[in-house]
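# Sequence first, then the predicted structure:
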Amino acid sequence: MKGQWIVCFLVMTFFTVFKANDAQAVVVNLNVLDSHIEVAENFNVEVWVDGEGIGEELLAFGFDVSTTSTVFSYLGYTIESGFDDFSDPFNSSNVTGDVFPGIPNDDVLLATLMFSADSAGMDVLALDGSYDGLFFGLFYEVSGVDLIASTAIAVVASAVSEPNVFLLICFGFFVLQQHRRLCL
């Protein structure tokens, strides 16, 4: 009986290690939805995972949103439909969701992150979900994978809007007319 447990343990260990090595094919993408972000504007970033080739359904995920940026501020997140939100209610930078039954592993939208552009410049948004077997990373049926990604986000100074330019031009013409009248 003891020998059967050892064989079973070795087979499960081999299978888990084999699957964990396969799981390296997972790609996490951060999709910034606005290609031109201006100061004082809100913008969103989608978190996508592509686990093509794993052959397992995604059951849960967890990561922390990390930025020390003075260029943009993190406002919160929305867990995508199909997932139940079990994030830490006291820590909005913790984003965690699960689903049962699982979701097929190709191109899954996990969450949408919301930000506010505070000043012009460029900074990095990072996600850290190092697989810990409990609340972080990507949880598949048999294996787990780190969920780590980052992207640079650029914010530009707000341009003068067209209505304001139009008002400035009209004011300029008015001043010019008044000046001409005074000179005549």
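Now that the structure is in, tell me what you want to look at. Numbering: from 1, shown residues only.
# From D107, how far off is the residue lying closest to E41 once chain neighbours are set aside?
Leaving aside its sequence neighbours, E41 sits nearest to A117 (C-beta to C-beta, 6 or more residues apart in numbering; 4.9 Å). Placement of C-beta: from N, CA and C, glycine included. Per C-beta to C-beta, to the nearest Å, A117 is found 28 Å from D107.
# higher neighbour count, those two?
Using other C-beta atoms under 10 Å, the more surrounded residue of A117 and D107 is A117, with 23 against 12.
# V156: how many residues sit nearby?
Neighbourhood size, V156 [other C-beta under 10 Å]: 14.
# Could you do V155 as well?
Residues near V155, counting by other C-beta under 10 Å, number 24.
# One more: G53?
Around G53 sit 12 other residues, with neighbours defined as other C-beta under 10 Å.
# didn't it look like it was pressed against D106?
No: the pair G53 / D106 is not scored as a contact, 9.2 Å apart, by C-beta atoms under 8 Å.
# and for these two, which residues touch both?
By C-beta atoms under 8 Å, 6 or more residues apart in numbering, G53 and D106 have no common neighbours.
# For the residue nearest to E41, list the residues it contacts.
I37, E38, V39, A40, E41, N42, F43, V71, F72, V155.
# how about the third one, phi and psi?
In this case it means V39. phi -60, psi 140 (degrees, to the nearest 10).
# what's the spacing between it and S87?
Counting by C-beta to C-beta - V39 and S87 are separated by 29 Å.
# Same question for the fifth one.
Taking C-beta to C-beta as the measure, E41 falls 25 Å from S87.
# L109 bridge partners, please.
W48 (DSSP bridges).
# And for N94?
When assigned by DSSP bridges, N94 has beta-bridge partners D64.
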